[in-house]
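Asks: Okay, structure incoming, though there's no sequence with it:
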């Protein structure tokens with residue numbers, strides 16, 4: 001069985017990444033850990049619509065997003081079963097402060113720089129994603145979508 005999921009790497013003008021701390025509930029996967037905003041693609045939903053819905057549900061806002069990468073991973077559910085996951089990662093700019101976001105899920109939201117992210121374990125095996133993103137960002141290949149040039 002393959003489950004499709006989505007996540008977003010949202011960055012502010014300083015290149016910091018928005019992370020969400022998951023609820024501290026033993027019945028969920030990865031309780032109390034930090035993660036990228038996102039979730040499961042619902043039946044009949046396309047991934048791009050899913051990430052926009054998830055962002056609205058989780059932080060009360062969505063950004064112009066572009067698909068950054070897709071990969072397959074295994075996930076261990078809270079009950080111990082394993083499922084194959086097709087992971088869609090989107091990226092986009094965050095032009096809001098934490099105070100301007102509405103936390104609909106989880107227990108905290110934080111903007112973290114590369115050093116902060118390197119010091120923690122992220123849920124869902126996302127540890128390497130922000131590092132890969134920061135590497136692209138610092139090498140001058142900004143992976144964030146740009147507004148179309150007019151004029």
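Replies: Received the coordinates, thanks. Keep in mind it's a predicted model, so treat the numbers as computed, not measured.
Asks: Can you name the next helix or strand after the lengthiest helix in the chain?
Replies: The helix of greatest length in the chain, counted in residues with DSSP state H as the criterion, is given as helix 47-59. With elements assigned by DSSP states H and E, the helix or strand that comes after helix 47-59 is strand 66-76.
Asks: So for that following strand, what gets flagged as buried?
Replies: 68, 75 (16 or more other CB atoms under 10 Å). Glycine gets a C-beta too; all of them are placed from N, C-alpha and C.
Asks: Quick check: mean pLDDT of it?
Replies: Strand 66-76 shows an average pLDDT of 88 in the prediction.
Asks: Would you mind identifying the helix or strand in this structure with the lowest mean pLDDT?
Replies: In the chain, the helix or strand scored least confidently by mean pLDDT, DSSP states H and E is helix 128-138, which has a mean of 79.
Asks: which stretches of this protein have low pLDDT?
Replies: Within the chain, the ranges that satisfy pLDDT under 70 run 76-79, 137-151.
Asks: returning to what we had before: which strands or helices does the least confident helix or strand of the chain pack on?
Replies: strand 2-11, strand 17-21, helix 114-118 (3 or more CB pairs under 8 Å, 6 or more residues apart in numbering; DSSP states H and E).
Asks: outside of the helix or strand following the second one, which residues touch it?
Replies: Using DSSP H and E, the helix or strand that follows strand 17-21 in sequence is strand 34-35. Where contact means CB atoms under 8 Å, 6 or more residues apart in numbering, the residues beyond strand 34-35 that reach it are 7, 19-22, 110, 120, 122-124, 126.
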